Structures are given as structure tokens and as C-alpha cells.
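> Sequence plus the predicted model coming up.
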Amino acid sequence: MNKIETAADTRAALIAMGRGARTAARALALAPTATKNAALTAMAAAIRADARIIARENETDLAAARKKDLKSSFLDRLTLTPERIEAMARGLDEIAALPDPVGAVTERWARPNGLEIARVRVPIGVIGIIYESRPNVTADAGALAMKSGNAAILRGGSDGFRSSAAIVAALQRGLAAAGLPKEAIQMVPTQDRDAVGLLLSGLDGTIDLIVPRGGKSLVARVQQEARVPVFSHLEGICHVHVDKEADLAMAKAIVLNAKMRRTGICGSAETILVDKACAATHLKPLVRMLLEAGCEVRGCQETQMADPRVKPASEEDWSTEYLDAIVSMKVVSDLDAAMAHIARYGSQHTDAIVTDDDTAARRFLAEVDSAITLHNASTQFADGGEFGFGAEIGIATGRLHARGPVGLEQLTTFKYQVMGTGQIRP
């Protein structure tokens with residue numbers, strides 16, 4: 001990457017990237033599915049071929065991050081093990097196998113005057129993707145954008161800069177091997193935070209959409225400064241409500257998985273709500289299980305009484321995304337109280353209920369206003385791959401255009417094609 005030394009250099013470089021991406025997006029919009037799939041296959045091969053290079057650059061990033069005394073959950077998200085590098089490559093192969101949404105006719109109808117109207121999926125254009133230091137997002141985001149006919153400008157976190165640059169180099173080799181422009185997937189070549197502001201400005205009209213993937217401060221900045229449409233990916237304050245009719249064994253399995261499978265992902269449960277009617281039988285086993293698994297528990301007064309190791313929960317805890325082995329727990333009076341708590345403190349991301357009561361489950365699924373609601377399943381299923389979408393760019397928590405996992409279909413818009421036989425409007 002060319003060295004950027006001044007603010008003027010940064011602006012000039014990003015404007016050039018935007019223009020290159022716009023040209024690439026036109027080519028991608030017309031690219032046959034076979035060509036895009038060939039690029040994805042070549043990208044996967046390039047990542048496997050460069051696995052040692054990617055691992056070496058990642059270790060350099062990790063060494064610098066460790067000196068900053070960052071949290072273990074952050075280091076986990078930054079780490080690329082050989083298995084995770086292979087998972088990235090495999091993810092590209094899986095995207096290649098998915099149906100191409102571009103050109104799909106979602107609806108077709110005829111008017112009384114003989115006009116035939118079709119609604120057809122088309123790419124959005126150029127997507128700016130801003131994310132924190134999770135290098136695997138680099139491959140997922142670039143591949144999803146390309147398969148859906150969009151060009152991507154990626155701006156990852158500074159702590160994963162070298163890792164992401166190595167991944168992008170492999171992706172661009174894959175594009176070239178398939179005869180597609182390397183400008184279809186580009187990475188901002190500077191760690192300067194001013195680059196984020198330039199992306200949010202739209203780069204002289206070359207960016208059509210911004211997708212932020214990160215913590216509350218990043219999303220807040222994007223929402224405040226963006227001059228182009230945004231897919232909001234807000235923090236994941238996810239809940240599991242253990243209903244009075246919950247099977248204890250199932251509740252233990254789901255709560256442990258939802259919190260502890262991977263604590264640093266947005267689908268990790270941050271608050272466990274236990275119905276008062278089953279607290280006598282369910283609360284202590286759930287608390288003990290989490291503590292013995294190495295999870296710090298911060299609880300209400302009743303939860304503290306269940307085990308002396310429980311720390312008191314503050315008001316702030318109920319609205320905190322820990323992304324760590326910490327959970328808040330509260331005993332609630334009933335289902336209505338659980339849903340009221342979620343409405344007040346949740347982030348409309350992912351929330352689950354554990355219950356054998358179908359009526360309670362139906363109410364929870366219908367009334368909790370989150371992008372994803374689950375019955376008798378872990379919140380860690382909040383993932384595009386688990387939904388059958390292949391990889392994902394993130395979980396959209398807004399209400400417009402996309403909600404939930406953002407995969408191929410969500411990265412397209414539509415247009416109307418109208419076919420006539422000479423009709424004129426009287």
C-alpha cells in the first residue's frame with residue numbers, strides 16, 4: 001500500500017478508491033454468476049496459499065495488542081488460528097455455493113392495459129464497511145459484497161491492520177484470476193481515524209451505503225456523522241428468559257452455551273432473566289453452573305442470595321454488553337416483567353425464551369421487538385451462517401431494508417422492469 005502522510009494525501013487516496021470502486025461496481029453488476037463464483041473459489045485458494053503470511057501478520061498485530069493490555073475477549077476476536085484461517089477460506093467456498101440474488105425476479109404481475117411489471121433484485125453499488133479488529137470480517141464482508149454485485153471499501157480496526165491487509169491482498173489476487181477488477185474489494189490504506197469521517201461523508205458521492213460492525217461508540221459515530229444510508233449494527237445486549245415452565249436441564253444447556261460458547265461475539269447472552277415462579281428450583285443451579293464455568297455473575301438481591309459469590313448488579317449492568325465472561329442475572333415476576341425488562345434495557349438484537357409453554361413462547365416471539373427472537377435455542381445462533389445465509393456482514397438492528405443477519409439478499413435492492421407493447425398513458 002502506498003504511504004499516506006498528510007490529511008490531503010488521505011483524502012486524495014480515498015477519493016481515488018471511491019472512483020475505482022464505482023467503476024468496479026458497474027462491472028460486478030453485469031458479471032455472470034459463474035465469474036463471481038470463480039473469483040470466490042480463487043480467493044479461497046489464495047487465502048489457503050497465504051495462510052502462513054496471514055498468520056505471521058496476525059501475530060505482529062497480536063504482539064502489539066498485548067502490549068496495550070487489552071481484554072482477553074478483544075485478543076480472542078483479533079486472533080487468527082490456522083483453524084480460523086481455514087474457516088475463512090471455507091466460508092468463501094460456501095458463499096460461492098449460495099444462489100446469486102442479482103437478477104432474481106421477486107414478483108411479476110400484469111396490468112389491465114397489458115403492461116407486464118417485474119420487480120428484480122439489483123446490487124446496491126459501493127458499500128463502505130467499517131468494523132473493529134476482527135480480521136475474519138475482512139474476508140466475509142468483501143466476499144458477500146462481491147457475490148451480491150457490490151464493490152466494497154473496507155476499513156477495519158487499527159489493531160488488526162496488518163492481518164486485514166494480508167487478507168485483502170489474497171482476495172484481490174482471486175479477483176484478478178477471475179478477470180474481475182481488484183478495485184472491487186479495497187482496504188483503506190491508513191490507520192488514521194480521519195479516514196472514517198471521509199467514508200461517512202460518502203467520498204464525493206461514490207459510496208451508496210455504510211455498514212458499521214462494532215461497539216456502541218463506533219455505531220454512534222456512524223449514525224451521527226454519516227451522509228449516506230447506514231445499516232445499523234448496534235451492540236448485542238442479548239437476553240435469555242428462563243420461563244416458569246422451562247425444563248431445567250434444557251435451560252442450563254442453553255444458558256451456558258448462550259453465554260460461554262464465545263463470550264466476545266454479539267450474539268453472546270449478557271443478561272439472564274429467571275421467572276420468580278421457578279426460581280426456587282432453577283436459580284441456584286443456573287448460577288452455580290455459570291460460576292463454575294468461570295463466568296462472573298452480577299445479580300439482583302435474590303440472585304445474590306442464591307450464591308455468596310454473586311456480585312451485586314448495578315443499574316448500568318442491565319444495559320452493558322460485556323463481551324466477556326460476565327453476565328447479569330435478575331429474577332422477574334413473570335413473562336410480562338421479562339419482556340418489559342428487555343424492552344427497557346435491550347438493544348433489539350437477539351433475545352431467547354426457554355419454556356415448554358407454547359402460549360408463552362408465541363407471546364415472546366411476537367411481542368419482543370428484536371431482530372431475532374428464539375424459543376428453546378441459544379442466542380449464539382444469531383449468525384448468518386446458522387441461518388443458511390452463508391457468511392454475514394453483521395446483524396442489522398434497524399427497521400429499514402435489512403433486519404437481522406445481513407447476507408447476500410440483504411445487500412441488494414430492487415428495480416422495476418416494465419414491458420409494454422406500445423402502450424401510452426391517456
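Looks like it arrived, so ask away.
> which residues are in contact with the lowest-mean-pLDDT helix or strand in the chain?
Sorted by mean pLDDT, DSSP states H and E, the helices and strands of the chain end with helix 216-225, the least confident at a mean of 82. Contact with helix 216-225 is made by 130, 132, 196-197, 200-201, 210, 212, 230, 232-235, 321, as judged by Cβ atoms under 8 Å, 6 or more residues apart in numbering. (Each C-beta comes from the backbone N, C-alpha and C, glycine too.)
> Can you show me the helices along the stretch 251-400 of the chain?
For the stretch 251-400 of the chain, the helices defined by DSSP state H, counting those that start in this stretch cover 279-292, 301-306, 335-345, 358-367.
> any chance of those in JSON lines, plus distance to residue 166 and mean neighbour count?
Below are the helices of the stretch 251-400 of the chain laid out as JSON lines (distance: least, Cβ to Cβ, whole Å; neighbours: other Cβ atoms under 10 Å):
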{"stretch": "helix 279-292", "distance to residue 166": "38", "mean neighbour count": "18"}
{"stretch": "helix 301-306", "distance to residue 166": "45", "mean neighbour count": "18"}
{"stretch": "helix 335-345", "distance to residue 166": "40", "mean neighbour count": "18"}
{"stretch": "helix 358-367", "distance to residue 166": "42", "mean neighbour count": "15"}
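> Compare the ones you listed and report which one is nearest to residue 155.
Among the helices of the stretch 251-400 of the chain, the nearest to residue 155 by Cβ to Cβ is helix 335-345 (30.3 Å).
> quick one, the closest one and helix 358-367 angle?
Relative orientation of helix 335-345 versus helix 358-367 (axes from the mean of the first three to the mean of the last three Cα atoms, to 10 degrees): 20 degrees.
> So what touches helix 335-345?
237, 239, 241, 243, 271, 273, 275, 318-319, 330, 332, 351, 353, 360, 363-364, 367-370.
> quick one, domains of the protein?
Following the assignment in automatic domain parsing, the chain carries domains at 7-233+393-418, 238-381.
> Tell me which of those lies nearest to residue 424.
Closest approach to residue 424 among the domains of the chain is made by domain 7-233+393-418 (9.7 Å; Cβ to Cβ).
> Kindly check the end-to-end length of the closest one for me.
Distance between the two ends of domain 7-233+393-418: 47 Å, counting by Cα to Cα, to the nearest Å.
> what ranges do the strands span in the stretch 1-150 of the chain?
With DSSP state E, counting those that start in this stretch as the criterion, the stretch 1-150 of the chain has strands at 105-110, 116-123, 126-131.
> where exactly do the strands run in the stretch 201-350 of the chain?
In the stretch 201-350 of the chain, the strands defined using DSSP E, counting those that start in this stretch lie at 209-213, 238-242, 269-275, 296-299, 311-312, 326-332, 350-354.
> Relative to residue 64, which of the ones you listed is closest?
Nearest to residue 64, of all those, is strand 209-213, at 21.6 Å by Cβ to Cβ.
> contact partners of that closest one?
Outside strand 209-213, the residues within contact range by Cβ under 8 Å, 6+ apart are 124-132, 134, 137, 141, 199-200, 218-219, 222, 226, 228-233, 393-394, 406.
> one step back: now the weakest link among the strands of the stretch 201-350 of the chain, please, by mean pLDDT.
The stretch with the lowest mean pLDDT among the strands of the stretch 201-350 of the chain is strand 209-213, at a mean of 89.
> CA-only coordinates of that strand in PDB, if you can.
Extracted C-alpha coordinates of strand 209-213, given in PDB (Å, rounded to 0.1, in the frame of the first residue of the first chain):
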ATOM      1  CA  LEU A 209     -24.200   2.500   1.800                       C
ATOM      2  CA  ILE A 210     -22.200   2.300   5.100                       C
ATOM      3  CA  VAL A 211     -22.300  -0.800   7.200                       C
ATOM      4  CA  PRO A 212     -20.700  -0.400  10.700                       C
ATOM      5  CA  ARG A 213     -19.800  -3.500  12.700                       C
END
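> for the helix or strand harbouring residue 175, packing partners?
Secondary structure from DSSP states H and E places residue 175 in helix 161-177. If you count contacts as 3 or more Cβ pairs under 8 Å, 6 or more residues apart in numbering; DSSP states H and E, helix 161-177 packs onto helix 33-49, helix 51-67, helix 136-147, strand 185-187.
> still on that earlier bit, I'd like the strands of the stretch 201-350 of the chain written out as TSV, with mean neighbour count added.
Putting the strands of the stretch 201-350 of the chain into TSV (neighbours: other Cβ atoms under 10 Å) gives the following:
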stretch	mean neighbour count
strand 209-213	25
strand 238-242	29
strand 269-275	27
strand 296-299	22
strand 311-312	12
strand 326-332	24
strand 350-354	30
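> Where is the longest helix in this protein?
In the chain, with assignment by DSSP state H, the single longest helix is helix 7-30.
> Now that helix: buried residues?
10-11, 13-14, 17-25, 27-29 (16 or more other Cβ atoms under 10 Å).
> what about that helix, average pLDDT?
Average pLDDT, helix 7-30: 93.
> So which elements touch it?
Judged by 3+ Cβ pairs under 8 Å, 6+ apart, helix 7-30 is in contact with strand 116-123, strand 126-131, strand 151-155, strand 185-187, helix 194-201.
> Perfect, that will be all.
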